[in-house]
Each structure stands twice: as structure tokens, then as C-alpha cells.
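Asks: Need a 3D model of the sequence below.
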Amino acid sequence: MENLQQKTQTEDKKQPGKLFAYGTLRDEKILKTITGKKFKRQPAILKGYKRCAPKSAYPYILPHEQEMVKGWLIEDITPEIWEKFDEYEKEGLYFLRQKVEVLTEQKKLVEAFTYVGNPEYLRRTFGDKIEYSIHKRVFEYIQERIGDEVYRVYSSSENEEKKRSRQQKLIREMFGPEINHLTSLYCSEQYLSRYVIKSELEILGVPTLKNVRKDPQIRPYAPYYLELIVKHSIVNQLEMYIRNSHIHYLFNPAPYWQFTLTMLAALRLYNNHQPQIQALINEHFDLDDFDQLEYMDYLEKSIVLAELIYKNFQEEVKYIAMEIFDQRRRGHLSLGVELEFSNLGRNAIYCSEPHQDKKYANMAYFHDFDLFRRTWKFGGHIDDHTLEYQSRKRTGGFLEYAFGKKWFFEKYSEPITNDPRILHYLVIETLKFSDIKPHSLHLNIEKQYEIDWKKENNVDFLICLLILGGDIIYESERGHHETRVSAKEIIDSHGNLQFILQNRHSPYAVQDQESTPVIEFQFPRLGTNKNYELLTMSLKGFLMGYKPRPFYIRDRMSPSSLSTHESEILMKWAEHPYSLSERTILQFLGYVEKGLLSERHNFPAHRKRYIIKILYQLEKALFLRNSLLNLPSLDKQFLNNLSQNSSSLHKK
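Replies: Numbering: from 1, shown residues only. You can find the predicted model right below:
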């Protein structure tokens with residue numbers, strides 16, 4: 001299936017071919033209306049896909065191993081007719097035209113194109129209609145479960161329309177990820193029963209502070225966690241306002257995460273006015289006195305505050321949206337990112353003294369404050385580097401923002417973009433927003449080459465990557481050393497170096513869809529002084545140009561003897577870094593250039609002027625950072641000479 005999909009992507013869609021029709025294009029009258037022609041056709045079956053026909057949207061199909069779709073194989077489609085079909089189906093928006101194999105009545109497999117549904121865009125375009133039944137059932141359930149508790153936070157002087165609007169905002173904030181997940185399921189299934197909705201909403205239940213008040217261990221940390229609730233709720237609401245008003249600038253097409261650009265805009269707005277917003281939080285919230293307020297009170301106040309902020313800066317939001325639109329530098333390969341934060345640094349894992357973190361106790365109480373749901377648009381969760389996905393224990397660990405992770409119990413994330421510059425800005429704005437110390441970053445890049453598992457990587461090229469994205473520091477006693485590797489921050493519990501891995505991500509929001517292989521780089525350090533646009537461009541150029549062998553496949557394959565040998569060399573270098581030769585760096589740059597010029601089916605995916613600029617910046621960064629590795633010996637000699645001169649002058 002994977003090979004077929006890769007083959008599909010390399011085909012020119014404008015060539016003559018066949019169409020597998022399963023929806024309105026089965027109707028000969030519609031075909032003639034669109035094209036003015038009558039076509040030869042025959043019945044056919046498409047296996048591995050499921051037909052979905054929501055009452056309020058067009059029929060569409062999605063990959064599904066256990067299903068099949070009946071339709072018609074329409075022949076002799078010319079390039080001109082493909083253009084008409086693409087326009088009719090809104091190819092690239094509502095639907096994505098992909099190559100498949102269909103089975104004819106003669107039991108022959110025939111290649112054809114078909115229009116696969118883009119459920120994310122369908123949901124966004126027909127949002128009110130598609131989501132209406134879900135919201136209605138959700139609200140009915142919440143009324144039963146919470147009763148009058150939802151409504152007591154509203155002023156009796158408000159008119160009914162305003163009350164209803166505020167109530168819906170509160171419910172969407174409380175159960176945002178559940179509603180979003182149910183909507184995604186609805187786009188893939190024909191019906192969601194009331195039982196399914198109740199089951200989804202009962203997984204985490206209604207957030208409360210009752211247990212927090214009773215636990216003397218949590219109380220000292222409560223004000224800091226409550227501030228996290230407020231800050232994330234404000235950003236969630238700002239994102240919603242921006243998405244509703246500026247989606248024409250900030251639309252992110254499938255298969256990419258729908259919130260990438262709107263979250264970037266919301267974070268940028270928040271960060272532009274962070275001092276003023278913090279002053280408003282301090283004015284409207286007594287975070288130390290949480291015995292009198294319930295969880296929903298904090299959400300309600302956050303919603304009101306977000307509305308005030310948005311109304312005051314609506315004009316600025318317009319320009320932020322236009323700037324983001326103008327800043328885009330889209331490529332071809334899908335990208336994902338995970339950011340790890342901890343005030344305890346590498347000690348966040350297996351921490352015996354979490355209370356050394358005076359604010360958050362190593363994020364041990366993340367679940368007690370329902371921060372799963374407050375951080376869902378960030379993909380927030382606690383990563384304790386175990387395989388227990390989304391455990392709700394108080395183990396603590398890194399606060400990880402895995403943008404594109406849409407549901408608590410999903411193992412895989414959606415790609416967030418194919419734009420290295422947008423990825424960079426999203427990382428930087430998130431760093432500005434968070435008051436927790438940044439630690440590390442994982443970059444995921446779509447795999448589009450066949451891996452040679454017997455290939456021996458040139459370790460000097462891997463060192464080039466460490467020089468670019470690692471964390472090389474200088475200490476007077478140790479000299480230079482690279483901390484991500486030398487401090488064993490990217491070594492797993494089995495002693496394996498997690499430098500380059502093959503992992504998987506999901507291109508759809510539906511849990512049972514086939515995941516996509518990605519190459520994951522775990523070595524980059526997270527910090528505001530890093531250029532992640534430059535790093536991402538160099539990594540994907542290196543992937544496409546050099547085609548490195550990953551050290552292993554995550555959760556499925558142990559490292560080979562080659563990986564073990566390369567790991568040993570990297571660890572020795574990290575302890576005592578040495579500069580690379582000019583020839584090595586130029587060879588590395590040659591592979592990066594080769595990859596960037598062939599990213600999209602052997603052609604550049606970016607404008608050549610942009611690629612040339614990136615290559616210049618990359619060359620400059622590599623040579624300058626490489627030259628710094630020679631400085632310690634010069635420093636010592638200089639200090640010795642200075643000391644001797646000082647002593648002789650003192651004697652005189």
C-alpha cells in the first residue's frame with residue numbers, strides 16, 4: 001500500500017487516464033453537464049477504502065483496510081476533462097485526487113484516479129452543519145451531568161442570547177478535545193450514538209478543584225498551575241476567534257494539522273502583549289485564593305478576558321494573519337515537531353526530588369488540574385520516556401508540546417506543515433509563551449526514500465548535524481563538549497543512542513488509518529537562540545541527498561552493529577569535540593544542496609533563490625561554529641602568556 005501511494009505521488013495527474021467514481025460523478029447527466037461528453041464506463045470495486053455519506057455533506061471515501069467501495073470506472077479522461085473534474089470536486093480542498101487500483105467485473109486490477117475525501121476541510125467548510133448534531137448531543141449530555149453548575153457562573157442580568165453564547169464557549173473550552181475528536185469521527189463514520197458521545201465525555205469527566213483543595217502536597221503549587229490554566233485557555237480562545245475571522249489567510253490544508261497557522265497567530269498576538277496580559281491576569285485572578293472559586297470560574301474569567309483582548313487588538317490580528325501568509329515558504333516533505341520543557345532539565349526523568357522544581361514539582365500534578373484539555377491545541381502531555389502512553393499517574397516528567405496530537409490516547413500525531421519557516425516561528429513563539437525552561441526538540445520529516453539498512457553512515461556528516469542543532473558548550477575545566485550526547489540525554493533505557501530513528505505519524509485524525517513513516521531527529525537542543533528554519537532545511541536536504549540509515553525503527557527494531565559503532569564515535573566526539581576538515585563540510589553541504597534541489601520528485605520544492613540563501617547561511621553557520629572548536633587551546637595559550645606578562649610586570 002505504501003509503495004502504491006509513493007508511486008501515485010510521482011505520477012503526473014494531467015496525463016490521460018481513468019476515473020473511479022463513487023459519488024455524484026456516477027450520474028451520467030452530471031458527467032455530461034460538466035464535460036459535454038458521454039463516457040465508456042463499467043462497474044468496479046475499490047478495496048481498502050470506506051464510503052462515508054453524512055447527511056449534511058458530500059459523499060467521500062477514506063482509507064479503511066476492512067472496507068470496499070462500489071462505483072464506476074470511467075475511461076478516456078483527457079487532461080482537459082481532468083481540469084473540469086478537479087474544479088468540480090475542488091481538488092486539493094474538499095477532495096484529494098489519488099491513484100488507486102480497482103477491480104473490474106472481469107476480475108482485472110486497473111489503475112485509476114479517484115477523489116479521496118479531505119475530512120478536515122469538509123468539517124471546516126461545513127462546520128456548523130456537520131457539527132450541529134454533535135454539539136447538540138454534547139450539550140444535552142453536559143446538562144444532564146452537570147446540571148445547573150454550568151449556568152451558575154453567568155450573570156442573571158445578561159440577556160438570553162449572550163448567556164447562551166458564553167455557555168457554549170465554556171462548554172467548548174471544557175470539552176474542546178472531545179468535541180474535536182467526535183467531529184473527526186463523525187467525518188469518518190455515518191452515525192455517532194449517544195452512548196459513544198457519553199463514553200467519550202466520561203473518560204476524563206468534569207474538571208474540578210475539590211481534590212486539589214484536600215491535598216496538602218498540591219496546594220503550594222496550585223497558584224502556578226492555575227496560571228497555566230488561565231494562559232492556555234486564553235490562547236485557545238484567541239485561536240478560535242482568529243480561525244473564525246481570518247481562515248482565508250491562515251487555512252492549513254490536509255493532511256496538515258488544521259490549527260498550525262491559527263495557533264501561530266494566537267501565540268504571536270499573546271506574546272506581543274504579554275506584559276499587559278499578565279497584568280490583566282494579576283488584576284482579575286486571585287490565584288492564591290482558590291478555596292472560593294471552582295474550576296469553571298477560572299475558565300469563565302479566561303474566556304471573558306480573551307474576548308476583551310481580541311476586541312482590543314482586532315486590527316493587529318489582521319496584520320498578523322497577513323504577515324504569516326506572506327512569510328510562508330512551503331516545501332514538499334511533511335514536517336512534525338515536539339518540544340520538551342522542564343525546570344529540572346535532564347533530571348525530569350526518574351526524578352527522586354521533584355520538589356526541587358519550586359513552581360511545578362516536575363509537572364507531577366499536570367492531570368490534577370486537567371491540563372490535558374487546556375493544552376490540547378498544543379498537543380500537551382507529560383513525557384516520562386516510558387511506553388505508557390498518556391498515563392495519568394503523578395510520575396512527572398517533561399511537559400511536551402506535540403503539535404498535531406489531537407486526542408489523548410492517540411500514539412501518532414498529524415504533520416503540522418511542509419513549511420520550515422512556519423515551523424521555526426511556531427517553535428519560537430511557543431518558547432516565548434512558556435515560562436518553563438526549554439529542554440529539547442524532536443523534528444520529524446516525512447520519509448520518501450528507500451532505506452539501505454546495510455549502509456554505513458559517514459559519522460562526520462552526523463557530526464555536522466550536531467554542530468548545527470546540538471548543544472556545544474565550553475567549560476573551563478572540561479573544555480568544549482556537546483551535552484545532548486555526552487550527558488546521555490538521548491540514550492534510551494537499553495543504552496541505545498536515539499540520534500536518527502524511523503518512526504510513524506498519522507496523516508488523518510482517525511485512529512484506524514494507516515500511519516506514515518517519518519525520520520525523527522532527537523538530538524536538537526531547544527532554545528530561543530536557534531534557527532530552526534535553517535536546521536530543518538539542512539535536515540531534509542541531508543535526508544533527500546545523502547539518504548542516511550536510521551539507527552533503528554522505534555519500538556520495532558534494535559540497533560545494528562553499524563549503529564552501535566556510529567554511536568560510540570559520536571559519544572567520543574561529544575566528550576571532546578574536534579573541528580572537521582573543510583573538505584568534509586563542503587561534502588556535507590553538497591549532499592544538502594543535492595537533496596533540496598530534488599525534494600519534489602527530483603525537482604526543487606522551494607524557489608531556487610530561497611535555497612541559495614539557505615545554503616549560504618548554512619555554510620556560514622557550519623564554518624563559524626566549526627572554527628570555534630579550535631579556540632580552547634588558543635584561550636589557554638593566551639591566558640598563560642597574559643599571566644606571564646602580568647607576573648613580569650609585577651616583579652619590575
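Asks: Longest strand of this structure, counting residues only.
Replies: strand 60-77 (DSSP state E).
Asks: Run the angle between the helix or strand following that one and strand 60-77 for me.
Replies: Where DSSP states H and E defines the elements, the next helix or strand beyond strand 60-77 is helix 79-89. Put simply, helix 79-89 runs at 160 degrees to strand 60-77, going by axes from the mean of the first three to the mean of the last three C-alpha atoms, to 10 degrees.
Asks: Which elements pack onto helix 79-89?
Replies: Packing partners of helix 79-89 (3 or more C-beta pairs under 8 Å, 6 or more residues apart in numbering; DSSP states H and E): helix 28-35, strand 95-104, strand 109-117. Bear in mind the C-beta positions are built from the backbone N, C-alpha and C, glycine included.
Asks: The ones you listed: lowest mean pLDDT?
Replies: Across the helices and strands packed on helix 79-89, helix 28-35 has the smallest mean pLDDT, namely a mean of 80.
Asks: Next secondary structure after it?
Replies: Criterion used, DSSP H and E; the element after helix 28-35 is strand 41-52.
Asks: Tell me, how many residues neighbour the residue nearest to residue 358 when sequence neighbours are not counted?
Replies: Leaving aside its sequence neighbours, residue 358 sits nearest to residue 343 (C-beta to C-beta, 6 or more residues apart in numbering; 7.9 Å). As a burial measure, residue 343 scores 19 neighbours (other C-beta atoms under 10 Å).
Asks: now residue 461
Replies: Neighbours around residue 461, by other C-beta under 10 Å: 18.
Asks: Residue 213 now?
Replies: 13.
Asks: Distance of it relative to residue 553?
Replies: 47 Å (C-beta to C-beta, to the nearest Å).
Asks: likewise residue 373?
Replies: Distance from residue 373 to residue 553, by C-beta to C-beta: 32 Å.
Asks: What of residue 405?
Replies: 20 Å.
Asks: Which one of the two is surrounded by more residues?
Replies: residue 405 (25 against 16).
Asks: Give me the neighbour count for the nearest residue to the more buried one once chain neighbours are set aside.
Replies: Excluding its sequence neighbours, the residue lying closest to residue 405 (C-beta to C-beta, 6+ apart) is residue 379, at 3.5 Å. Per other C-beta under 10 Å, the neighbour tally for residue 379 reads 24.
Asks: re earlier: which ones are touching the residue nearest to residue 358?
Replies: 357-360, 362, 436-437 (C-beta atoms under 8 Å, 6 or more residues apart in numbering).
Asks: do you know how far it is from residue 425?
Replies: On the measure of C-beta to C-beta, residue 343 and residue 425 end up 25 Å apart.
Asks: In the stretch 201-350 of the chain, where is pLDDT below threshold?
Replies: For the stretch 201-350 of the chain, no stretch is flagged by pLDDT under 70.
Asks: in it, which spans are strands?
Replies: 335-341 (DSSP state E, counting those that start in this stretch).
Asks: Go through this structure and flag its longest helix.
Replies: helix 222-250 (DSSP state H).
Asks: Can you point out the buried residues in that helix?
Replies: Neighbour counts using 16 or more other C-beta atoms under 10 Å place 222, 224-243, 245-247, 249-250 of helix 222-250 among the buried residues.
Asks: Please determine how far residue 531 is located from residue 625.
Replies: For residue 531, the distance to residue 625 - C-beta to C-beta - is 12 Å.
Asks: I meant to write residue 471 there.
Replies: Taking C-beta to C-beta, one finds residue 471 at 12 Å from residue 625.
Asks: Cheers, nothing more for now.
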